[in-house]
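K.L.:
A structural model of the following input is requested.
(chains A and B)
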Number of protein chains: 2
Amino acid sequence: MRSVKIFLDSRSYEISIGSAMDLGEVLLSSAMKKNVAVVVTNATVARLHLSKVLVALHKTFNRVEVVEIPDGEQFKTWDSLNQILTALLSWGCDRGTVLFALGGGVIGDVTGFAAATYMRGIPFVQLPTTLLAQVDSSVGGKTAINHPLGKNMIGAFYQPRAVVCDLQYMDTLPLRELQAGIAEVIKYGPIHDMVFFQWLEESIEAVLAKDEDALAHVVQRCCEIKAQVVSSDERESGQRAVLNFGHTFGHAIEAGMGYGVWLHGEGVAAGMVMAAELSKRLGLVDESFVRRLTRLIGRAGLPTKGPVIDAVDNAGRYLDLMRVDKKSEAGEIRFVLIDGPGKAIVRPAPDSLVREVIDACCK
Amino acid sequence: MRSVKIFLDSRSYEISIGSAMDLGEVLLSSAMKKNVAVVVTNATVARLHLSKVLVALHKTFNRVEVVEIPDGEQFKTWDSLNQILTALLSWGCDRGTVLFALGGGVIGDVTGFAAATYMRGIPFVQLPTTLLAQVDSSVGGKTAINHPLGKNMIGAFYQPRAVVCDLQYMDTLPLRELQAGIAEVIKYGPIHDMVFFQWLEESIEAVLAKDEDALAHVVQRCCEIKAQVVSSDERESGQRAVLNFGHTFGHAIEAGMGYGVWLHGEGVAAGMVMAAELSKRLGLVDESFVRRLTRLIGRAGLPTKGPVIDAVDNAGRYLDLMRVDKKSEAGEIRFVLIDGPGKAIVRPAPDSLVREVIDACCK
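P.N.:
Below is the predicted model of the structure:
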């Protein structure tokens, strides 16, 4: 078993990475009351993994309950959040109750926000079942729900007490979802670690084949890099924004196509190509870097072009959608750009140049 | 102008106490972007105080918007919260937007929770317009909305960037609301400071007459005491619970009568008498202390007896309601009791004794 320690003073916690781990044993070291556990999941994940989790939790907790929320990004809403909160209240759960998020990013985000807001905060544990959730939600404490006017617009920074990344969950993960997770994995190369990027170029087939050692290295390295970036900026005031490489364009793709049509990782994949192309046109990286990044994204089975989301004024629509992004300031879009391979910066760019990039990178 | 500094590392802030203060000047020292301000208030407060606040904010901010939510505890709901969040999104507000809570406890709680959750946290400033809000919401960072199954059940700990307690607002405050605020003021005597309690015994008429010096002393001293208690326990894991003296019974009264029938402070007033009586029956204080506390509560025009909320089994209904309180643990009610005047402790008590107290203290 590998582990990554996240140091955040009194809110420090450990990410455990392994295969078919004993949940009770893994949780031994985390200081929580082992009285009532409530597992939040959805029907898809429940069918595959719930029974094993329940057996483990029943050994450790006196009482274990389950809340099933509907499956899908479109249900990352107040209604799903309220379903969890109402269940907790109706069971008389107090501040010692431990919430378990068993699922992908949606389950993690909603459950984390429920934990952040139920009685102003109760402990929660992440059991991420997708590669995306293991590399992305394990570190950073971001929780949220969507609002009809914008994704992840309502949420909180709230840290889990423990994260258990069991690679067994990858066995049943559909290929498209694995690939979407790999988009966030690839991201860490250009923004921080080109040695890791090179390892990915050499190992992408092993990762796609769900080789356990390759997956373990991917999860561990991504969590380590993210932890390093986040530790200096827990509440996202500066440096942390580099983690959003590809996300400004990606969010526009997701919103423009309607949530769920493109997976988050697919939007990020095409978004990274667009952000790299923008970096190139600003003279920050050369053409060979853009081609190298594009090639790896393509080898991972991910889209390297953005979709046309408006037949009349595609670039204008992208720009409108990007201007409402959380990272914008006073209507100015702040792009995460690559300032030489392995280093990211955040800055605005002229609309005219962004339009050129969108025209060149969409089909 | 008086001020109380709240020390919380990077989240430290200042409470300014005075009359007819210049808002722009008071906010000079607090580090916030002075770009967009959004004032959350209700129609009652807006009619009395909004225009002055807007004049001051327009001098300081480039753009000022207003959200009016319905007036009353029954509107401390998801719907009101969502009204604020939707307005912020529709105006394209970013993370630099400053929320102003202009009103009493409901406005402060909902606005604070909106600030805590909008884009995972934006700055907010409290402009409390009731005595209760000035002495109670200024310190502690508690924000929340109600859930149909319980009061303040959904919320967050989130600190304001500044609190401006303008005593001018007291001029238009109805007497019943002033008195309700005094209940929380009296509370600080038994739990922490009997010198202040004695000052109140000598000055209660001046406070009720809205004497500005008396009010300023009240607000300053209460904020100081609360800050001292909270600083050691920001997230309410232990010592902070003593601030809930009178609240366990009080919440049961509020819930049992239907929110809004008894004001919060009225419930706390009768609740303090009940908690003092329980302390006496547990041998922690003597009869003379209970009488002294009851006398001051009565002189403030506050109820010294709880209401009968169930004609058949009044004590049973109180107990049921107290068991779902946030401070309960595994169904065990934890009472804040007075362990000698000026010192509070938190502990459970036998149901039979609690029943006796309820029977003796309700009419």
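
K.L.:
neighbours around A:Leu175, how many?
P.N.:
When neighbours are defined as other CB atoms under 10 Å in any protein chain shown, A:Leu175 has 10 of them. (Glycine included, C-beta is placed from N, CA and C.)

K.L.:
how near is it to chain B?
P.N.:
32 Å (CB to the nearest CB, to the nearest Å).

K.L.:
for A:Asp71, grab phi and psi.
P.N.:
Backbone torsions for A:Asp71, taken as degrees, to the nearest 10, come to phi -90, psi 130.

K.L.:
from chain B, how far out is it?
P.N.:
For A:Asp71, the distance to chain B - CB to the nearest CB - is 23 Å.

K.L.:
show me the contacts for the residue lying closest to that residue once chain neighbours are set aside.
P.N.:
Using CB to CB, 6 or more residues apart in numbering or on different chains and skipping the chain neighbours, the partner closest in space to A:Asp71 is A:Asn42 (3.9 Å). Neighbouring residues of A:Asn42 by CB atoms under 8 Å, 6 or more residues apart in numbering or on different chains: A:68-71, A:103, A:106-107.

K.L.:
in a helix, A:Val357, correct?
P.N.:
Yes - under DSSP: H, G, I helix; E, B strand; the rest coil, A:Val357 sits within a helix.

K.L.:
which residues touch it?
P.N.:
A:274, A:277-278, A:281.

K.L.:
of the residues you listed, closest to chain B?
P.N.:
The closest of the contacts of A:Val357 to chain B turns out to be A:Leu278 (CB to the nearest CB; 21.2 Å).

K.L.:
put the alpha carbons of the helix or strand hosting that closest one into CSV.
P.N.:
Using DSSP states H and E, A:Leu278 maps to helix A:264-281. Output of helix A:264-281 as CSV, limited to C-alpha atoms (Å, rounded to 0.1, in the frame of the first residue of the first chain):
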residue,chain,number,x,y,z
HIS,A,264,-15.4,16.8,-17.8
GLY,A,265,-12.1,15.1,-18.7
GLU,A,266,-12.9,15.2,-22.4
GLY,A,267,-13.5,19.0,-22.2
VAL,A,268,-10.3,19.4,-20.3
ALA,A,269,-8.4,17.4,-23.0
ALA,A,270,-9.5,19.6,-25.8
GLY,A,271,-9.2,22.6,-23.5
MET,A,272,-5.5,21.8,-22.8
VAL,A,273,-4.8,21.7,-26.6
MET,A,274,-6.5,25.1,-26.9
ALA,A,275,-4.6,26.6,-24.0
ALA,A,276,-1.3,25.2,-25.3
GLU,A,277,-2.1,26.7,-28.7
LEU,A,278,-2.9,30.0,-27.0
SER,A,279,0.4,29.8,-25.1
LYS,A,280,2.2,29.2,-28.4
ARG,A,281,0.6,32.2,-30.1
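
K.L.:
give the next helix or strand downstream of that helix.
P.N.:
Next along from helix A:264-281, by DSSP H and E: helix A:287-299.

K.L.:
centre of the chain versus that next one, how much separation?
P.N.:
22 Å (CA atoms, centre = their mean, to the nearest Å).

K.L.:
show me where the stretch 201-350 of chain A has strands.
P.N.:
Counting by DSSP state E, counting those that start in this stretch, the stretch 201-350 of chain A has strands at residues A:335-338, A:344-347.

K.L.:
looking at those strands, spot the one closest to chain B.
P.N.:
Of the strands of the stretch 201-350 of chain A, nearest to chain B by CB to the nearest CB is strand A:344-347, at 13.6 Å.

K.L.:
touching chain B at all, the closest one?
P.N.:
No - on the criterion CB under 8 Å from any CB of the partner chain, strand A:344-347 is out of touch with chain B, staying 13.6 Å away.

K.L.:
neighbouring strands - and their directions - for that strand?
P.N.:
Note on strand A:344-347: by DSSP bridges, its sheet partners are strand A:335-338 (antiparallel).

K.L.:
chain center to the strand it pairs with, what's the gap?
P.N.:
Mean C-alpha position of strand A:335-338 versus that of the full chain (CA atoms, centre = their mean) differs by 18 Å.

K.L.:
check stretch A:96-109 too.
P.N.:
14 Å.

K.L.:
for A:Thr117, which non-adjacent residue is closest in space?
P.N.:
Closest to A:Thr117 by CB to CB, 6+ apart is B:Ile154, at 5.0 Å.

K.L.:
confirm that that neighbour sits in a strand.
P.N.:
Yes - assignment of B:Ile154 by three-state DSSP places it within a strand.

K.L.:
that older thread, from the contact counts, what lies against the helix holding A:Leu278?
P.N.:
helix A:175-192, helix A:247-257, helix A:287-299, strand A:335-338, helix A:351-361 (3 or more CB pairs under 8 Å, 6 or more residues apart in numbering or on different chains; DSSP states H and E).

K.L.:
that one vs helix A:175-192, what angle?
P.N.:
30 degrees (axes from the mean of the first three to the mean of the last three CA atoms, to 10 degrees).

K.L.:
what residues of helix A:264-281 count as buried?
P.N.:
Buried positions in helix A:264-281, judged by neighbour count with 16 or more other CB atoms under 10 Å in any protein chain shown: A:264-281.

K.L.:
likewise for stretch A:90-102?
P.N.:
For stretch A:90-102, the neighbour count (16+ other CB under 10 Å) marks A:93-95, A:97-102 as buried.

K.L.:
ok, A:Trp151 - contacts?
P.N.:
Just so we're on the same page, residue A:151 is Lys rather than Trp. Applying CB under 8 Å, 6+ apart, the residues near A:Lys151 are A:251, A:254-255, A:259.

K.L.:
before we move on, what about A:Ile154?
P.N.:
With CB under 8 Å, 6+ apart, A:Ile154 has these contacts: A:78, A:113, A:144-147, B:85, B:117-118.

K.L.:
now with 10 Å, please.
P.N.:
A:77-78, A:81, A:113, A:117, A:143-147, B:81-82, B:85, B:89, B:114, B:116-120 (CB atoms under 10 Å, 6 or more residues apart in numbering or on different chains).

K.L.:
from B:Leu208, how far out is the closest residue in space to A:Asp171 that isn't next to it in sequence?
P.N.:
Closest residue to A:Asp171 apart from its sequence neighbours, by CB to CB, 6+ apart: A:Lys210 at 6.9 Å. Taking CB to CB, to the nearest Å as the measure, A:Lys210 falls 73 Å from B:Leu208.

K.L.:
now chain A, which segments are flagged as low pLDDT?
P.N.:
By pLDDT under 70, the low-scoring segments of chain A are A:233-238, A:325-330.

K.L.:
which helix runs longest in it?
P.N.:
Assignment by DSSP state H gives helix A:212-231 as the longest helix of chain A.

K.L.:
just how off-centre is that helix within its chain?
P.N.:
13 Å.

K.L.:
ok, now stretch A:78-87?
P.N.:
That offset, for stretch A:78-87, works out to 22 Å (CA atoms, centre = their mean).

K.L.:
quick check: buried residues in that stretch?
P.N.:
In stretch A:78-87, counting by 16+ other CB under 10 Å, buried: A:78, A:80-85, A:87.

K.L.:
and the contacts of stretch A:202-218?
P.N.:
For stretch A:202-218, contacts defined as CB under 10 Å, 6+ apart pick out A:1-2, A:17-19, A:131, A:134-135, A:165, A:167-168, A:170-171, A:173, A:175, A:178-179, A:181-182, A:185-186, A:188, A:196, A:199-200, A:296, A:299-301.

K.L.:
7 Å instead, please
P.N.:
In this structure, residues lying in contact with stretch A:202-218 by CB atoms under 7 Å, 6 or more residues apart in numbering or on different chains are A:2, A:17, A:19, A:135, A:167, A:170-171, A:178, A:182, A:185, A:296, A:299-300.

K.L.:
ChimeraX command for the buried members of the contacts of A:Lys151?
P.N.:
The ChimeraX command for the buried members of these (criterion: 16+ other CB under 10 Å) is given here:
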select /A:251,254,255
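
K.L.:
dump the contacts of A:Lys151 to JSON lines, plus distance to chain B.
P.N.:
Converted to JSON lines, these look like this (distance: CB to the nearest CB, whole Å):
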{"residue": "A:His251", "distance to chain B": "13"}
{"residue": "A:Glu254", "distance to chain B": "17"}
{"residue": "A:Ala255", "distance to chain B": "13"}
{"residue": "A:Tyr259", "distance to chain B": "16"}
